[in-house]
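> Okay, here's the prediction I keep looking at, along with the sequence it came from:
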Amino acid sequence: MEEKIITGHKNGMLVLLLTIVLYIAAVAGIIFSVMSQILPLTVLCIVVLSLGWIPLCGLRVLKPQEALVLTLFGKYIGTLKGDGFYCVNPFCSSFNPAAKTKLNQSGDVDGGHKGSDILVAMQGASAAVEVGGNKKISLKIMTLNNARQKINDCLGNPVEIGIAVMWRVTDTAKAVFNVDNYKEYLSLQCDAALRNIVRVYPYDVAPNVDTTGDGQADEGSLRGSSEVVAARIRDEIQAKVTDAGLEIIEARITYLAYAPEIAAVMLQRQQASAIIDARKMIVDGAVGMVEMALERLAEKGTVELDEERKAAMVSNLLVVLCGNHDAQPVVNSGSLY
C-alpha cells in the first residue's frame, strides 16, 4: 500500500461561504415565492435547504503535523497532510484504527490508566465525542514508555528494565492498512525487542561472555554499555515496524535494576567483589614496594641480610602496608642479630 498525498483541496472556506450564501438565498427565495405565489421557485428553494448541507460534510480542518486518511466506500483514495481548511468528497470517510487506543505515551489523553474512562465521562459529553471521533493521525514525534519488564539476563539473573522509545508515523497508508492497530503493534514490538536484546547481555561485566556475536568474549553489559544496548534495541524495533510506516528515532533505557528478590544478594556480591579487588590492588602495591626496598638495600650495600632476616623484614613490611589500621612500630635498639 503506497501513500497518496491529496493536494489542491484547501478551499474549505470558499465552500463554507458559498453554502451560507446559498442558504440565505434559498430562505429569501422561499419568502419571495410565497409572497408572489410562485410554486416552482418554492419547491426549488426547499430542495436547496434540504440538500445544501451535504457539501458541509466534506469540510476537514487539519492542524500542523496532522494527517487524515480518506476512504470512499472502502477504497483508499488518499491522505490529507498539512495544516489548512480542506473540502473533499462529502461521501469520503476518515479512517484511523488506533484513534481510541490509549498507551502510556505522549499524545494520548488518558496515558493508559484504567480510570481514564471515568475522567472523560466527567468532562462532559462533548469531550467524550471529541476523543472517540477523532480520526486524525498525529505526525509529531511521540514518546512511548511501556511498563517495566522483568527479564533474565544471559547469566540467568532476573533484572527489571524499562525503555522510552521516540517514534513517529512516516507513511499513513502503511500505518492504517498494513497492521490492525499501529499503536498496539509498536508497543508489542518494543517489548519483544527489549526481551531479545537484554537476554544477550549480563547485568554487569562478566568473563567469557560474547555479546556481539563474533565469537570473542567482550566487556559488554547492561549497566556499562547502555548506549550500545539502546542502539541495538532501536535497530531491532525499527526492523519490525518499517512495514507499519513507523520510524523509530531513538530508544533510551529509563530504568535498570536487579529484581527485588535478588537485589540484596547481588548488592552483597558487588560489595564483596569490590573489597577483593581493592585488597588485590593493595597487596600488589605492597609486594612491589617490598621488592623495591630489598633491591635498593642490596644495590647500595646498606645492610646485608640473610634469608631469615629478609623473610622477617618482608613479613613486617607486608603487615604494615596491608593492615587496616595505622602501624605501631617497635623500635629495636639492640643488635639485629
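Nice, thanks for sending it over.
> Can you show me the helices along this protein?
12-36, 39-51, 116-122, 125-133, 172-177, 182-198, 226-241, 260-300, 307-322 (DSSP state H).
> Mind checking those helices for the one nearest to Met166?
Smallest distance to Met166 across those (Cβ to Cβ): 9.1 Å, for helix 226-241. From N, CA and C alone the C-beta is placed, and that goes for glycine too.
> related to what we said a few turns ago, nearest to Phe91, out of the helices of the chain?
helix 39-51 (13.3 Å).
> Can you check the pLDDT for Ser138?
Note on Ser138: pLDDT of 91.
> Identify all residues paired with it through a beta bridge.
Per DSSP bridges, the residues bridged to Ser138 are Glu66.
> What about it, how many residues nearby?
Neighbour count for Ser138, taken as other Cβ atoms under 10 Å: 17.
> surely it meets Pro64?
No: when contacts are counted by Cβ atoms under 8 Å, Ser138 is not listed as touching Pro64 (10.5 Å).
> domain assignment for this protein?
As assigned by automatic domain parsing, the chain contains the domains 1-95, 139-258, 272-322.
> How about Ala259, nearest residue that isn't a chain neighbour?
Excluding its sequence neighbours, the residue lying closest to Ala259 (Cβ to Cβ, 6 or more residues apart in numbering) is Pro158, at 3.8 Å.
> Could you check how many residues crowd around the one you found?
Neighbour count for Pro158, taken as other Cβ under 10 Å: 15.
> swap in Val176?
28.
> Please determine how far it is located from Ser94.
10 Å (Cβ to Cβ, to the nearest Å).
> list residues touching both of the two?
With contacts defined as Cβ atoms under 8 Å, 6 or more residues apart in numbering, the residues shared by Val176 and Ser94 are Val69.
> Go ahead and confirm Asn178 touches Ala244.
Yes: counting by Cβ under 8 Å, Asn178 does reach Ala244; the two are 5.6 Å apart.
> So between these two, which is more surrounded?
With neighbours defined as other Cβ under 10 Å, Asn178 and Ala244 compare such that Ala244 has more, 21 against 15.
> Who are the contact partners of the closest residue to the more buried one other than its chain neighbours?
Distance criterion Cβ to Cβ, 6+ apart; nearest residue to Ala244, sequence neighbours excluded, is Val179 at 4.7 Å. By Cβ under 8 Å, 6+ apart, Val179 lies in contact with 185, 243-244.
> With pLDDT and distance to Gly78 as new columns, can those be given to me in JSON lines?
Output for those, formatted as JSON lines (pLDDT from 0 to 100; distance: Cβ to Cβ, whole Å):
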{"residue": "Tyr185", "pLDDT": "94", "distance to Gly78": "23"}
{"residue": "Asp243", "pLDDT": "93", "distance to Gly78": "20"}
{"residue": "Ala244", "pLDDT": "93", "distance to Gly78": "19"}
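> Adding distance to Phe85, write those out as a markdown table.
A markdown table is the format used below for these (distance: Cβ to Cβ, whole Å):
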| residue | distance to Phe85 |
| --- | --- |
| Tyr185 | 32 |
| Asp243 | 33 |
| Ala244 | 30 |
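> Between the residues you listed, which sits nearest Asp153?
Closest to Asp153, out of all of those and judged by Cβ to Cβ, is Tyr185, at 26.7 Å.
> I'd say the closest one and Gly245 touch.
No: applying Cβ under 8 Å as the test, Tyr185 and Gly245 come out as separate, 10.5 Å apart.
> And these two? Which one has more around it.
Ranked by neighbour count (other Cβ under 10 Å), Tyr185 and Gly245 place Gly245 first, with 22 against 19.
> list the contacts for the more buried one?
If you count contacts by Cβ under 8 Å, 6+ apart, Gly245 has them with 3, 169-175, 178, 182.
> May I ask which of these has the most neighbours?
Busiest of the contacts of Gly245 [other Cβ under 10 Å] is Ala175, holding 28 neighbours.
> pLDDT score for that residue?
93.
> same deal with Pro158?
90.
> now the one 4 residues further on
Per-residue confidence at Gly162 stands at 93 (pLDDT).
> isn't it right next to Arg148, touching?
Yes: with contact defined as Cβ under 8 Å, Gly162 reaches Arg148; the gap is 4.1 Å.
> Could you name every residue contacting both of the two?
By Cβ under 8 Å, 6+ apart, the residues touching both Gly162 and Arg148 are Tyr255.
> Point out where the stretch 51-200 of the chain drops to low pLDDT.
Scanning the stretch 51-200 of the chain for pLDDT under 70 picks out the ranges 105-133.
> can you rerun that using 50?
109-133 (pLDDT under 50).
> Pro90: which of the helices of the chain is closest?
Proximity to Pro90, assessed across the helices of the chain by Cβ to Cβ, is greatest for helix 12-36 (9.8 Å).
> Same question for that closest one: list its buried residues.
Going by neighbour count (16 or more other Cβ atoms under 10 Å), the buried part of helix 12-36 is 12, 15, 19, 26, 29-30, 33.
> how many degrees apart are it and helix 39-51 in direction?
Using axes from the mean of the first three to the mean of the last three Cα atoms, to 10 degrees, the inter-axis angle of helix 12-36 relative to helix 39-51 is 150 degrees.
> Cheers, nothing more for now.
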